[in-house]
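Chemist: output the structure for:
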Amino acid sequence: MSPNPRQAELLEEVRAKGALSVEALAERFGVTLQTVRRDVKMLAEAGLLARFHGGVRVPSSTVENIAYRQRQNLNADAKQRIARAVAKAVPDGCSLILNIGTTTEAIARELLRHRGLRVITNNLNVAAILTDNPDCEVIVAGGVVRARDRGIVGEATVDFIRQFKVDIALIGISGIEADGSLRDFDFREVKVSRAIIEHAREVWLAVDHSKFNRPAMVELAHVGELDMLFTDTPPPEPYPQLLAEAGVQCEVA
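Modeler: Down below sits the predicted model:
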């Protein structure tokens, strides 16, 4: 589903508080209990919220990501703003690696007017988007293609990435925890992203606000390994201090 504006705001309210009653949500948005229950039912069926008796909470799973089609629609406007900010910072004539994710796909769309790019990716969606740029050379990593999102993972992918040293790694992740750890769900994807970080001169992370304080099972890296972070709203506490201590430049789109 693609949440309507009220449902999107309801999602953010629950994420900010962790859990809320149906009555509190109805009062917050000035709608009936029936309207809130209908919204909650739709969001829960889409896997974006979890219901309990009398209320709703954020999904607590650390082992399974939201389905790809749902992620495409979730926070789409925020991802587009982030993508524009990233593309504005990317110079012509540089080399990049883009990993798996709907945010990196949004970035790819914003790079269609850049000139002289050489892009390596383990994301078939990114490759398909950037082939529409005649002044961009696209190199696709080998490996196992995940049917659900056309991401390429596995040991062959890691070995392929290790051949290169690029100017900028543009990466997305599933969650950032309060200890500064960057996390994802698939250990095979994490191994590829780890290789991407290690074979780039600069590492830029692009995440929308929903990724802060979102748990995921597999640790990928720490904010201290980043050079830039692009997001759509000022990060909540304690992230400003973490980023400042690590010397990470934060760009709010």
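
Chemist: all contacts plus neighbour counts: C-alpha atoms, from now on.
Modeler: Will do.

Chemist: tell me the helix or strand right after the lowest-mean-pLDDT helix or strand in the chain.
Modeler: Least confident helix or strand of the chain, by mean pLDDT, DSSP states H and E, is helix 68-73 with a mean of 53. Next helix or strand after helix 68-73 toward the C-terminus (DSSP states H and E): helix 76-89.

Chemist: give me the contacts around that following helix.
Modeler: Residues from elsewhere that reach helix 76-89, judged by CA atoms under 8 Å, 6 or more residues apart in numbering: 103-104, 106-108, 110-111, 206-208, 230-232, 251-253.

Chemist: what average pLDDT does that helix get?
Modeler: In this model, helix 76-89 has an average pLDDT of 94.

Chemist: can you name the secondary structure element that comes next after it?
Modeler: Counting by DSSP H and E, the next helix or strand C-terminal to helix 76-89 is strand 95-98.

Chemist: which helices and strands does that next one pack with?
Modeler: strand 117-121, strand 166-171 (3 or more CA pairs under 8 Å, 6 or more residues apart in numbering; DSSP states H and E).

Chemist: reformat those strands as a markdown table; add mean neighbour count, mean pLDDT and distance to residue 190.
Modeler: Output for the helices and strands packed on strand 95-98, formatted as a markdown table (neighbours: other CA atoms under 10 Å; pLDDT from 0 to 100; distance: least, CA to CA, whole Å):
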| stretch | mean neighbour count | mean pLDDT | distance to residue 190 |
| --- | --- | --- | --- |
| strand 117-121 | 22 | 98 | 14 |
| strand 166-171 | 23 | 98 | 11 |
